[in-house]
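In: This is the structure alone, sequence omitted:
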Ligand SMILES: Nc1ncnc2c1ncn2[C@@H]1O[C@H](COP(=O)(O)OP(=O)(O)O)[C@@H](O)[C@H]1O
Ligand SMILES: [Mg+2]
């Protein structure tokens, strides 16, 4: 008798809980439905679409298309523009990412150590991040102007010959890199400053008492390891942003002169939206996406190794 | 000869003078507890001793070396921090090895990749490993050596921090409230352990705490610091039985000492509840205000209010039963003050709220403090039936 | 001998030391010098922009290093900038597009993040997977199919095409998710006991408590979309819908010559709104970047 009552109460409870649960799940689904739908519509489907298109010869303006298998990808391998573009992107990233990371770290440590002008320096370095890059690129174009540009005029004052910064194949990538560094240091700097402020002061005291005499020793013992997570994040985002360089190239060089500043996104843009070769541009996009996936994957792997921070 | 001496250390932050000329000497192997309320400058003094902060004035001597202007690394002083300050990215054994590596290896030898190529590096590293293991065994933390601080409990971290400080056999050992982050049980247990470790190592130790019980129970001598001044430096018993300053008397002891305002009577007599003292300094004029103090355990509480008996009349306000003792709060009719008495259950068992009582204080346990808070020397006078005197 | 006296027998002479904080050591001078040189590098473009915007054509060609214009040509140059391209229209487009994007992103992301953080439902795992995937897909990767679709739907050259792809921000969901997880469950239980619906909980409890995250995200979103060139360049060819970066590109194309004075004036006008916002709300910007950076 008692058993039966107990069991039925139990059952009733379980039932009421499961209706509550179902109610909650329904609410949750309703709340996340708009996001889910938009996510499918604007991210999942387009990604699937771009992979799909990369196996076709679809061109905008022509109605039909046919499957061409791996043709687009094999064409990539022999496409000189693409190889040039991949190489330029790599060079640009190899310059901009490390330089902007180490400059940001260095300036952040100097600002952190310096008592006066803290917020002035932070503002000055951060200003480019809040500025319209297309607009500031225009200013840089003027600064880099081979004859009337202030940079070359200044060099002339020192008796040095100024190069044709954005106009010659030999220097254009480096000039764009300077702009890239100028634009991205502030963002990294702010993150490093936050990271530095978060390091407990007592750790530096402990390091000093433990015998870390030089600033370099304290940096190695405390600052660098404690900044680990920040550095990892800053590194990933700097690389990804460098790989995505587009605005300055489009505004200033259009990939020139002679494709010497052709970068990945610019090539995709040209193929897809200027020449309207959607199929081929899709294959380029897949390569671009694969690079991002690999970078993110590396970040996750390194991050996993960094756990166990107090 | 003293192993450590501080002479007239002064320190200000901006306009705030935090340390107002602190002097202190420690004998070889002595354990000195620096106690005082929060914010009185204890940590600042310790940081100055370690070289983490520079004093505005004064001198620090360890053995026969003046270390006032030396860098922390050169002072051979070890410190345990309140937060332990373990390097979170290093394992326990790596943490303990840091002070040894910093001293025994050159900058080049410490570098990754390049380091192992340097001559002598391997031998030094293996010696460091041996010393770390020895230290860990002594502190019974062998099993923690491969863990990072994030994977340890508070007590375990505290031991690792101790090991890191002790491993290099410093000339002076500094601890800044190392037990304040532990729970109550662990704290009492750890007290005994630290004292034991100190005895074995025999290194002069300055131990900072805001907990007077911790200071009294652990130290050879206690330095009481209040408001940037060191008010007394003496053995725990002396601090308790013979406080040099009213603030010291108030800070030390639980429940707190009874403090009442009074004044000097003619002939340099100070009296309270049957206790009479005569001030040694005859220059103190009668009528000058003084503060008197007596500890709760020296208050005798007699139930009943028959006339003609000695002692001050009063009434029990509240009784706290603490097991082995009873704390009675008594309101004095005559002066309107509350006096705390600590009684044995046998003495205080019958007391309850509003019981009429008479209070008696032993003359040899009455402290008299001057207007500046300093203790005034006084001789107890044999007790007579002069309870009425105190009313004046 | 152990000294038991309170004060040491031989009081040391108080030696006054100079305080280190206010003195200029060599190290400090070098540090300041580096910081100042850095600041000059970062500020130089702004200085030259302001200077050149006030110079006449001939002066630009002769003396570009002198910062103060000899003949102030600000009015001319700004007039050119305003007449040749509709600056007001550009800025208005920027505001409309960024505003719409932000509103949609927040309205879509907050309920979703709330459901994922505080409610249990079957699709949560799938959502999480999609969000992690979404985090690494930029607009550049989805632009081709979206362009083809928008072309088929004939919505190119419209606010719809500028805004639609950004109505969903996986980053926003991710950021809010992190933030909501930290809010105590009891807060929500109490609100439900008080009789609030789930929407009520979100509007009256979650959002007010998540305000720092919302501001941080708003800054992040506006900066990103105000500055974006790629997508507007693809879907807009009609000047009427041009956003500030695209408009500037048109202006440059129209100004084929080297009329840097007018160009700098236009640049100044277009850069000003966001820079001014930054200078006014600097603390929020920095907090926003830090929060989005460290959580993201
Ligand atoms: N670096 C500093 N700058 C300004 N004031 C400080 C600094 N360090 C400590 N103080 C002040 O000095 C006083 C004593 O601090 P501290 O030595 O930490 O006290 P304790 O350890 O006894 O609690 C406090 O009032 C504190 O605010
Ligand atoms: Mg302290």
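Out: Sure, I can see it. Keep in mind the model is a prediction, meaning the values are calculated, not measured. Ligands and ions are numbered 1, 2, ... in the order given.
In: And the strands in the stretch 151-300 of chain B?
Out: B:172-176, B:205-209, B:221-226, B:229-234, B:258-263, B:269-272, B:275-279, B:289-294, B:299-303 (DSSP state E, counting those that start in this stretch).
In: Now chain A against ligand 1: closest residue?
Out: The nearest approach of chain A to ligand 1 comes at residue A:201, 9.1 Å away (Cβ to the nearest ligand atom). Heads up, the C-betas are built off the backbone N, CA and C, glycines and all.
In: Point out where chain B drops to low pLDDT.
Out: Applying pLDDT under 70 to chain B picks out residues B:1, B:305-310, B:382-392.
In: excluding its backbone neighbours, what's nearest the residue of it at minimum distance from chain A?
Out: In chain B, no residue comes nearer to chain A than residue B:102, which is 3.2 Å away by Cβ to the nearest Cβ. Leaving aside its sequence neighbours, residue B:102 sits nearest to residue A:211 (Cβ to Cβ, 6 or more residues apart in numbering or on different chains; 3.2 Å).
In: how much space between the one you found and residue C:26?
Out: 24 Å (Cβ to Cβ, to the nearest Å).
In: Which one of the two is surrounded by more residues?
Out: In this view residue A:211 and residue C:26 are compared by other Cβ atoms under 10 Å in any protein chain shown, and residue A:211 has more residues nearby, 22 against 7.
In: Test my guess that residue B:36 contacts residue B:251.
Out: Yes. Counting by Cβ atoms under 8 Å, residue B:36 touches residue B:251, with 7.3 Å between them.
In: Now do the contacts for residue 221.
Out: Defaulting to chain A. Shown in contact with residue A:221 (Cβ atoms under 8 Å, 6 or more residues apart in numbering or on different chains): A:207, A:210, A:212, B:87, B:98.
In: ah, no, chain B please
Out: Residue B:221 neighbours (Cβ under 8 Å, 6+ apart): B:30-33, B:233-236, C:4.
In: Quick check on those: which are buried?
Out: Among the contacts of residue B:221, the ones that count as buried by 16 or more other Cβ atoms under 10 Å in any protein chain shown are B:30-33, B:233-234, B:236.
In: Which single one of these is nearest to residue A:23?
Out: Lowest distance from residue A:23 to these (Cβ to Cβ) belongs to residue B:33, with 61.6 Å.
In: That closest one and residue B:53, how far apart?
Out: Taking Cβ to Cβ, one finds residue B:33 at 21 Å from residue B:53.
In: Need the three-state assignment for residue 271.
Out: Picked chain A for this. helix (DSSP: H, G, I helix; E, B strand; the rest coil).
In: which residues sit in contact with it?
Out: A:277, A:280-281, A:284.
In: From chain B, how far out is it?
Out: 45 Å (Cβ to the nearest Cβ, to the nearest Å).
In: same question, residue A:175
Out: Relative to chain B, residue A:175 is positioned 36 Å away (Cβ to the nearest Cβ).
In: For that residue, which residues are in contact?
Out: Remark: with contacts taken as Cβ under 8 Å, 6+ apart, residue A:175 is in contact with A:140, A:144, A:165-166.
In: can you rerun that using 10 Å?
Out: Contact analysis of residue A:175 by Cβ atoms under 10 Å, 6 or more residues apart in numbering or on different chains lists A:140-141, A:143-144, A:151, A:163-168, A:248, A:252-253, A:261.
In: The residue of chain A closest to ligand 1 contacts residue B:85, doesn't it?
Out: Yes. Look at residue A:201 against residue B:85 with Cβ atoms under 10 Å: they come within range, at 9.0 Å.
In: follow-up on the earlier one: would you list the contacts of residue B:221 in CSV and tack on distance to residue A:109?
Out: What follows is the contacts of residue B:221, written out as CSV (distance: Cβ to Cβ, whole Å):
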residue, distance to residue A:109
B:30, 41
B:31, 40
B:32, 38
B:33, 39
B:233, 42
B:234, 47
B:235, 48
B:236, 47
C:4, 48
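In: Fine, thanks again, bye for now.
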